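Asks: Requesting a structural model of the entry that follows:
(4 chains)
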Protein chains: 2
Amino acid sequence: MTTISVLLVDDHTVVRSGLKALLGTQADIAVVGEAASGEEALEAAQRHQPAVVLMDLAMGAGMDGIEAIKQLRQRTPQQAIIVFTTYDSDADIVRAVDAGAMGYLLKDAAPEEIFAAVRGAVQGKSVMSAPVASRLFQQLRHPDEILTPREAELLSLLTQGLSNRDLGKRLFISEATVKTHLAHIYAKLGVETRAAAIATAIRREGMR
Amino acid sequence: MTTISVLLVDDHTVVRSGLKALLGTQADIAVVGEAASGEEALEAAQRHQPAVVLMDLAMGAGMDGIEAIKQLRQRTPQQAIIVFTTYDSDADIVRAVDAGAMGYLLKDAAPEEIFAAVRGAVQGKSVMSAPVASRLFQQLRHPDEILTPREAELLSLLTQGLSNRDLGKRLFISEATVKTHLAHIYAKLGVETRAAAIATAIRREGMR
DNA sequence: GGCCGTATCAGCCAAAAGGTGGAGAGACCA
DNA sequence: TGGTCTCTCCACCTTTTGGCTGATACGGCC
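Replies: Numbers count the residues shown, from 1 in each chain, chains lettered A, B, ... in the order given. Next up, the predicted model:
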């Protein structure tokens, strides 16, 4: 039996020590490092060379989880990344999978679920919490309602109340492009105004 | 030195074991029980008679944290309650304090902060995370940021994505009046656009 | 009675957002 | 190779929203 080395990435000390305590009960799993930000995660992944990275998506200031996943996939592609976060937002799931995440767990997952995900990840299996799987399934049934990664990214910023101009600056695209994306988002969400899109996104998609 | 008994209430297994691990490092603090819901919390508080209850506000289905606090204050008033949650929403803070919480910690709090809060609570001291204190302070300094009933009503409809015209129809007032109310709401919320107002309202005021 | 807060309405102007239609580049795939 | 998807950009036009100023009316309150 080989020991599976795991790196924990979460800005909450409490969550890190909880995961450490839980994973510590398993003989075949060992936490080899911790990081509290995306930047730290890249450094720690390089240094500890874990088999699995358990990562939160929301991490206060600095690099966000999605960006960290992308960079990790580039630098240390042999490491399996499992997202471990609080919300099952459609957009986050799409973006995380797109960025290269192997699994997607919610923080209220049972310990057994977490163990299974870690063990599965090293074998190339995707493990996700039931609510996440259900959302993905629903998306498959309505393929024309799936937001593209770029649209999801834009929607996420939209829910923070940014104007078209600000969205453009933030994403390094023109205002015209922002409007195009927005029109597509509205069509997919089935709304007509940005106000309704924000309301729908925050409530239905669990964005915050 | 007396040992401080603590009850943990959180629906996330990971968070409970993290707190347990952290608090376990302190000789004068002992976790005497855990609960994953408001209902369980009431039962556990009765049975274990802890000196301090560390409680999350958001707890999936069933009784929410605020309701649990109220009930605990009634049944076991000698126990100090510390809120331990992810968000520093104005509405949540006010409601928690109103319900009888002694302290308010965010989940990204440093371990020392958590220890200090637990020790302070048994001595009747209120300990809160810096961002929380800052918000409370702001509220005290800007009492004119409280929405009038009519404004709150309008804001609530606004978060459903309605246009000014629709808001007017729904509230039986002219569009001009809607705009007046909106201007006041924006000023009070400290935003400039309806998009930002919706985002702020749903997130900060806990509207949904 | 006068002051203040709240709720109602108007008009004007500038800015932002939304609708329509079109188009090119690159990736991917059958 | 041709089709499809995604992302990017443009122009033109209409509608909506926001900023500003000002007004009336009702109910407490000192």
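Asks: Okay, helices next: where are they in chain A?
Replies: Assigned helices in chain A, in chain order: A:13-24, A:38-48, A:65-75, A:90-99, A:111-122, A:130-141, A:149-158, A:164-171, A:175-189, A:194-204 (criterion: DSSP state H).
Asks: can you tell me which of these the model trusts least?
Replies: With a mean of 65, helix A:130-141 has the lowest mean pLDDT of these.
Asks: tally of neighbours for the closest residue in space to residue A:175 that isn't next to it in sequence?
Replies: Excluding the flanking residues, the one nearest residue A:175 by CB to CB, 6 or more residues apart in numbering or on different chains is residue A:168, at 4.7 Å. Where you see a C-beta, it was placed from the backbone N, CA and C, and this is true even at glycine. By the criterion of other CB atoms under 10 Å in any protein chain shown, residue A:168 has 18 neighbours.
Asks: do the same with residue A:70
Replies: Counted by other CB under 10 Å, the residues lying close to residue A:70 total 16.
Asks: For it, give me its contacts.
Replies: Going by CB atoms under 8 Å, 6 or more residues apart in numbering or on different chains, residue A:70 touches A:99, A:100.
Asks: Recalculate using a threshold of 10 Å.
Replies: By CB atoms under 10 Å, 6 or more residues apart in numbering or on different chains, the residues touching residue A:70 are A:38, A:63, A:95, A:98, A:99, A:100.
Asks: Would you mark the buried spots in stretch A:58-77?
Replies: Residues of stretch A:58-77 classed as buried: A:59, A:63, A:64, A:65, A:66, A:68, A:69, A:70, A:71, A:72, A:76 (neighbour count, 16 or more other CB atoms under 10 Å in any protein chain shown).
Asks: Near DNA strand C, which residues of chain A are found?
Replies: A:163, A:164, A:165, A:179, A:180, A:182, A:183, A:186, A:192, A:193, A:194, A:195 (CB under 7 Å from any atom of the strand).
Asks: Please pick the buried ones from these.
Replies: Using 16+ other CB under 10 Å, the buried ones in the residues of chain A next to DNA strand C are A:163, A:164, A:182, A:186, A:193, A:194, A:195.
Asks: Can you verify my assumption that the third one contacts residue A:150?
Replies: Pointing back at residue A:182 there. No - if you go by CB atoms under 10 Å, residue A:182 and residue A:150 don't touch, sitting 11.6 Å apart.
Asks: How many neighbouring residues does the residue nearest to residue A:191 when sequence neighbours are not counted have?
Replies: In this structure, residue A:191 finds its nearest non-sequential neighbour in residue A:197, 5.0 Å apart by CB to CB, 6+ apart. Residue A:197 has 23 neighbouring residues, counting by other CB under 10 Å.
Asks: In this structure residue A:197 contacts residue A:184, no?
Replies: No - taking contacts as CB under 10 Å, residue A:197 lies outside contact range of residue A:184: 11.0 Å.
Asks: is it true that residue A:79 touches residue A:71?
Replies: No - assessed by CB under 10 Å, residue A:79 is found out of contact with residue A:71, at 11.6 Å.
Asks: and for those two, which residues touch both?
Replies: Residues within reach of residue A:79 and of residue A:71 at once, by CB under 10 Å, 6+ apart, are residue A:45.
Asks: Relative to residue A:83, how far out is the spatially most central residue of chain A?
Replies: Nearest to the mean C-alpha position of chain A, by CA atoms, centre = their mean, lies residue A:96 at 4.1 Å. Computed as CB to CB, to the nearest Å, the residue A:96 to residue A:83 distance reads 5 Å.
Asks: Residue A:40: what's it in contact with?
Replies: When contacts are counted by CB under 10 Å, 6+ apart, residue A:40 touches A:7, A:9, A:11, A:33, A:34, A:59, A:62, A:63, A:68.
Asks: quick one: least confident of these?
Replies: Ranked by pLDDT, these bottom out at residue A:62, which scores 69.
Asks: Next one: the residue nearest to residue A:191 from residue B:122, what distance?
Replies: 48 Å.
Asks: Residue A:97 now?
Replies: 47 Å.
Asks: and what of residue A:151?
Replies: For residue A:151, the distance to residue B:122 - CB to CB - is 51 Å.
Asks: got it, and residue A:191?
Replies: The value you get for residue A:191 to residue B:122, if CB to CB is used, is 51 Å.
Asks: repeat for residue A:133
Replies: Applying CB to CB to residue A:133 and residue B:122 gives a distance of 44 Å.
Asks: what about these two, which has more around it?
Replies: A side-by-side neighbour count of residue A:133 and residue B:122, using other CB under 10 Å, places residue B:122 first with 18 against 15.
Asks: so who does the residue lying closest to that one once chain neighbours are set aside touch?
Replies: Nearest residue to residue B:122 in three dimensions, chain neighbours excluded: residue B:51, at 5.1 Å (CB to CB, 6+ apart). Residue B:51 makes contacts with B:2-7, B:29-30, B:32, B:78-80, B:118, B:121-122, as judged by CB under 10 Å, 6+ apart.
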